[in-house]
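Peer 1: The amino acid sequence is not available; the structure is as follows:
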């Protein structure tokens, strides 16, 4: 299974809570690649050293689509911290992505 | 006639639904390997029809199926069909059916740019391949529109999905909620164009009727009427009968009315087998008694008679007949006479007809009695009555079942509308009238018509006593009952 996901772990200081993120893709489509690079950028900027991204390719693991209730591609699932959130799309709308990740409240504060 | 017409035109391959009546209307089922849209309001039976399609597919046609539900959970679905005696869990265990509940919770979802529904495709594809599924149900995919906000993406993706289903070669049912001006709320009929079936559930005068109509069926003949259907403990039954046309056979065999004197009036040999007989008269003139004699005559000939009683219970009828020396109980015990008693107001006329159709298909009788048909008629409204009765009479004729209807007429009044409506359809019409004679009242019986046979034109006396029924030319001194 491990060879089927790519893990990007960034180990550094902070005893803050860990962010556990999963990005579901279906093959290396441009949209999925964009999503990954957008995600990386957001994480490095806001969660430096506190995050873990797992990329799951549904073409290789089709079973997980049902198990994890995935519908849209790409989908980013914030597993930790709770509550679990699903963020659809290529994350090009950074504002909405931050809201989805609970890094920014909807009213912009 | 249907089959000959059908065989003259080559038709596309069909996938039978196994639902009683529906496969007749569609001449074999849904288009094989293509998507079909089933639409209707909430509670119209869409989900049930879809799940029956899968269950019959799995059990009767060796076609495993996937049920992708966007609303109910797998547990809810299993519970719902358990009431129909279907053990969905067993079918799931045997890998004949798979349920996938797609949960879309708007509050948990944030949309941040371009996406597609590839996840759904992967999911469905994986399920189809693991099960070797030939049938797929998407119930109700329109809920995606309330879960996801980008309608443009959804529409494009649904179009792609239906196209993909076709390429995959699965026979699919897609359900949709009825829209205000469109067949479905999201206009799915634009994307699914091979076959569209509309279900309807309406309440007329506090009685509910369900109807089904095939709106469209590309590449195939189909019935275009609205067909009443019934949902009961065995699932859906559609009444497939339509105007069958006058193509039914005309048997020349005869069957006794059960009363020798009446047989004598009917050219000496009774009714034609497979014909329809109407007995009309005012209250208490002995219509049911004549019907029971007819039933007994059948039983004596070791033939089966189905008696629909809309006024009295079986026990009541048995007791009443016992009092005029007609013993029906032994025949009931032998299963040669079966009573089916039901209050007419319990359901609408159409539902009654579906039920009659169902019981007739099950019991396969030689004769059917409907006593009285006037009560049944009162459960219908206006114009539908005539067409429904025509359907019923045609259906029984096609099956070559001898039928006897009684009609209650109001005294003094000339024949009423329903009587006229029914009488033009039947082959033999007997009328019983009550005449008051000084201190007596007398029953007079005569034949208004009897097609295809020489028959008596006399007005006879009908005597009902504890010795039984007698029909005589002149008054006989007997103790009237």
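Peer 2: Received, thanks. Since this is a predicted model, take the numbers as computed values, not measurements. Numbering: from 1, shown residues only, chains lettered A, B, ... in the order given.

Peer 1: Strands of chain A, start to end?
Peer 2: Secondary structure of chain A (DSSP state E): strands at A:5-9, A:19-25, A:51-57, A:75-80, A:85-88.

Peer 1: which of the ones you listed sits most buried?
Peer 2: Among the strands of chain A, the stretch with the highest mean neighbour count (mean count of other Cβ atoms under 10 Å in any protein chain shown) is strand A:85-88, at a mean of 25. All C-beta atoms are positioned from the backbone trio N, CA, C, and that covers glycine.

Peer 1: need the longest helix for chain A.
Peer 2: The single longest helix within chain A, with elements called by DSSP state H, is helix A:30-46.

Peer 1: what angle do it and strand A:19-25 make?
Peer 2: 170 degrees (axes from the mean of the first three to the mean of the last three Cα atoms, to 10 degrees).

Peer 1: Tell me which other helices or strands helix A:30-46 touches.
Peer 2: With contacts defined as 3 or more Cβ pairs under 8 Å, 6 or more residues apart in numbering or on different chains; DSSP states H and E, helix A:30-46 has these neighbours: strand A:19-25, strand A:51-57, helix A:94-100.

Peer 1: residues in chain B within reach of chain A, list them.
Peer 2: Neighbours of chain A within chain B, by Cβ under 8 Å from any Cβ of the partner chain: B:100, B:102-104, B:108-120, B:122-123, B:125-127, B:144, B:148.

Peer 1: buried set for the longest helix of chain A?
Peer 2: Neighbour counts over helix A:30-46 (16 or more other Cβ atoms under 10 Å in any protein chain shown) mark A:31-32, A:34-36, A:38-40, A:42-43, A:46 as buried.

Peer 1: which residues pair with residue B:307 across the strands?
Peer 2: Beta-bridge partners of residue B:307, counted by DSSP bridges, are residue B:339, residue B:369.

Peer 1: ugh, wrong one, residue B:137
Peer 2: Here residue B:137, judged by DSSP bridges, has bridge partners residue B:67, residue B:173.

Peer 1: Tell me who's in contact with it.
Peer 2: Counting by Cβ atoms under 8 Å, 6 or more residues apart in numbering or on different chains, residue B:137 makes contact with B:50-51, B:53-54, B:65-68, B:172-175.

Peer 1: Out of the residues you listed, which comes closest to chain A?
Peer 2: Lowest distance from chain A to the contacts of residue B:137 (Cβ to the nearest Cβ) belongs to residue B:68, with 9.7 Å.

Peer 1: Might you report the residue contacts of that closest one?
Peer 2: Residues near residue B:68 by Cβ under 8 Å, 6+ apart: B:99-100, B:102, B:124, B:127, B:136-139, B:141.

Peer 1: Try it again at 6 Å.
Peer 2: Shown in contact with residue B:68 (Cβ atoms under 6 Å, 6 or more residues apart in numbering or on different chains): B:100, B:138.

Peer 1: what stretches of the stretch 251-400 of chain B score poorly on pLDDT?
Peer 2: B:377-386 (pLDDT under 70).

Peer 1: Nearest spatial neighbour of whichever residue of chain A sits closest to chain B, chain-adjacent residues omitted?
Peer 2: With Cβ to the nearest Cβ, the shortest gap between chain A and chain B falls at residue A:100, namely 3.1 Å. Sequence neighbours aside, residue B:110 is the residue nearest to residue A:100 in space, at 3.1 Å (criterion: Cβ to Cβ, 6 or more residues apart in numbering or on different chains).

Peer 1: hmm, back to that, thought the residue of chain A closest to chain B was touching residue B:108?
Peer 2: No: taking contacts as Cβ atoms under 6 Å, residue A:100 lies outside contact range of residue B:108: 9.7 Å.
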